[in-house]
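Asks: Compute the structure for the input listed below.
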Amino acid sequence: MMKLLIIYHSGLADDSKYIFREYAKQGVDLTVIVPKKNGSLVYSESQNEKSFRYIALKFKASFNIFELFFAIKKVKPDVIHVIDEYTSLSLFEAILCRNLLYGKKVPIFSLSFQNLPLNNPPLVFNSPIAFLRRIFHKILIPIMINYHRGNLSGVICGNKDAIKIISELSNKIPTKLIYWGVNISSFSPKNKLDCRAKLKLPQNTRLIGYFGKIYKEKGLERLVRATSQLSNTNLVLVGNGDYRKDLENLVDELGIKERVYFYDFAKLNDLVDYYNALDTYILPTYTTKDVKEQYGRVLVEAMACRVSVVGSTCGEIKEILKGYPAHFIFDEYSLSDLVDKIKKIETLKLPEEFNVNEFLKKFSVENFVSESIKFYKNVT
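Replies: Numbering: from 1, shown residues only. Next up is the predicted model:
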């Protein structure tokens with residue numbers, strides 16, 4: 001039985017636990033290193049499960065390296081998988097500890113979604129810490145890249161651009177495209193009108209929506225403006241972020257307050273109702289020097305609910321939607337194209353013979369785990 005050690009800063013999240021349970025189902029002896037506290041996620045013994053083990057360590061920008069060293073020594077893993085970017089400090093420290101303990105006898109893998117040049121931060125941080133992150137990327141990232149190049153056994157990539165970036169660093173590092181696992185069984189079709197009634201949304205109107213982080217780069221200004229140009233169309237926005245107040249002001253300015261519904265982040269059970277209340281889910285992200293859509297798991301969730309989808313040309317969106325009959329892609333910088341695609345999306349229907357569950361398998365938790373295990377074994 002493979003003894004696998006996963007190191008993951010978000011390992012206490014519910015969606016992560018689905019993946020860990022699946023590893024156990026597929027015959028892996030799993031231990032997961034997680035933070036004692038990371039934002040709202042706080043470790044407690046009640047979160048331990050029979051199918052896998054947690055080890056909670058101190059965590060700030062990365063795990064406490066001394067605690068990490070002794071945790072790895074205690075586990076004695078056959079394989080280490082750091083679920084973090086190729087350029088992460090957590091990966092650097094894990095490799096360093098592995099080398100001190102076992103040399104290169106224990107293979108170590110990372111998971112990369114990074115689809116922007118590695119000298120840029122992978123995310124936008126509108127805070128004073130942004131300057132320090134820029135310095136970190138300019139000075140320390142090149143050092144870590146060189147270190148990882150000679151010590152990493154392989155990289156699981158969450159999108160095609162990530163594979164390209166890793167391959168440009170070194171064609172000797174094995175890579176494999178495996179989409180991050182979504183618990184698809186949590187999302188399924190429900191009666192549209194019943195869901196609208198439950199959420200107190202209008203019945204007889206075109207209802208479009210976006211669920212996720214409310215950032216400027218998500219293209220939500222265009223989505224609001226598109227709504228203002230579409231008669232008999234209401235918009236549902238679920239999420240929070242630093243751009244929400246600006247959107248609320250824009251909604252007031254355009255005089256469409258009665259047609260736009262703002263909600264805070266919804267629980268998983270409620271989110272299924274939000275998807276099923278929609279006629280169309282829209283992901284309007286646009287590319288900047290700091291932002292490029294890496295995956296868009298919301299697209300998978302929407303498709304699992306059999307909802308039609310309109311997505312922008314940004315990043316991986318068009319790849320995720322490829323093969324799904326009820327979708328359109330619009331020019332990420334064009335408001336008129338977005339409006340046009342929303343109007344036309346009603347002409348697309350899922351054919352009766354189209355097997356959605358079969359189509360979505362490549363995005364499932366089961367596929368992520370099984371393909372990852374194959375990759376570990378093939379590389380080692």
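Asks: List the contacts of residue 8.
Replies: Contact criterion Cβ atoms under 8 Å, 6 or more residues apart in numbering gives 16, 32, 33, 34, 82, 83, 84 as the residues in contact with residue 8. For every residue, glycine as well, the C-beta is placed using N, CA and C.
Asks: Find the nearest non-adjacent residue to the first one, please.
Replies: Just to be clear, that refers to residue 16. Using Cβ to Cβ, 6 or more residues apart in numbering and skipping the chain neighbours, the partner closest in space to residue 16 is residue 10 (5.9 Å).
Asks: related to what we said a few turns ago, keep only those of the contacts of residue 8 that are in strands.
Replies: 32, 33, 34, 82 (DSSP state E).
Asks: in the chain, what spans have low per-residue confidence?
Replies: Scanning the chain for pLDDT under 70 picks out the ranges 118-138.
Asks: Now residue 144. Nearest residue, chain neighbours left out?
Replies: Spatial nearest neighbour of residue 144, excluding adjacent residues (Cβ to Cβ, 6+ apart): residue 92 at 4.9 Å.
Asks: OK, contacts around the one you found?
Replies: Going by Cβ under 8 Å, 6+ apart, residue 92 touches 144, 147, 148.
Asks: What is the burial count for the last one?
Replies: Neighbouring residues of residue 148 were enumerated by other Cβ atoms under 10 Å; the total is 22.
Asks: And residue 169, by the same measure?
Replies: Neighbour count for residue 169, taken as other Cβ under 10 Å: 17.
Asks: distance of it from residue 32?
Replies: 28 Å (Cβ to Cβ, to the nearest Å).
Asks: With residue 87 instead?
Replies: Distance of residue 87 to residue 32, given as Cβ to Cβ: 22 Å.
Asks: Now do the SS call for residue 309.
Replies: Of the three states, residue 309 takes strand under DSSP: H, G, I helix; E, B strand; the rest coil.
Asks: Could you point out the bridge partners of it in the sheet?
Replies: Note on residue 309: beta-bridge partners residue 281, residue 327, judged by DSSP bridges.
Asks: can you tell me which residues contact it?
Replies: Residue 309 touches 280, 281, 282, 283, 299, 302, 303, 321, 324, 326, 327, 328, counting by Cβ under 8 Å, 6+ apart.
Asks: Nearest to residue 227 among those residues?
Replies: When the contacts of residue 309 are compared for distance to residue 227 (Cβ to Cβ), residue 282 wins out at 9.8 Å.
Asks: Chain neighbours aside, what residue packs nearest to that closest one?
Replies: With Cβ to Cβ, 6+ apart as the measure, residue 310 is the residue that lies nearest to residue 282, at 4.7 Å, once sequence neighbours are left out.
Asks: Surely that neighbour is in contact with residue 340?
Replies: No. Taking Cβ atoms under 8 Å as the contact criterion, residue 310 and residue 340 are not neighbours in contact, 10.0 Å apart.
Asks: Give me the common contacts of those two.
Replies: residue 330.
Asks: circling back to that earlier point, tell me how many other residues crowd the residue nearest to residue 16.
Replies: Taking other Cβ under 10 Å as the neighbour definition, residue 10 ends up with a count of 14.
Asks: Now the contacts of residue 8 in JSON lines, please, with extra columns for distance to residue 173 and neighbour count.
Replies: JSON lines is the format used below for those (distance: Cβ to Cβ, whole Å; neighbours: other Cβ atoms under 10 Å):
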{"residue": "16", "distance to residue 173": "25", "neighbour count": "19"}
{"residue": "32", "distance to residue 173": "24", "neighbour count": "25"}
{"residue": "33", "distance to residue 173": "23", "neighbour count": "26"}
{"residue": "34", "distance to residue 173": "26", "neighbour count": "24"}
{"residue": "82", "distance to residue 173": "14", "neighbour count": "26"}
{"residue": "83", "distance to residue 173": "17", "neighbour count": "21"}
{"residue": "84", "distance to residue 173": "16", "neighbour count": "21"}
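Asks: tell me which of those is nearest to residue 186?
Replies: If you rank those by distance to residue 186 using Cβ to Cβ, residue 16 comes first, at 13.9 Å.
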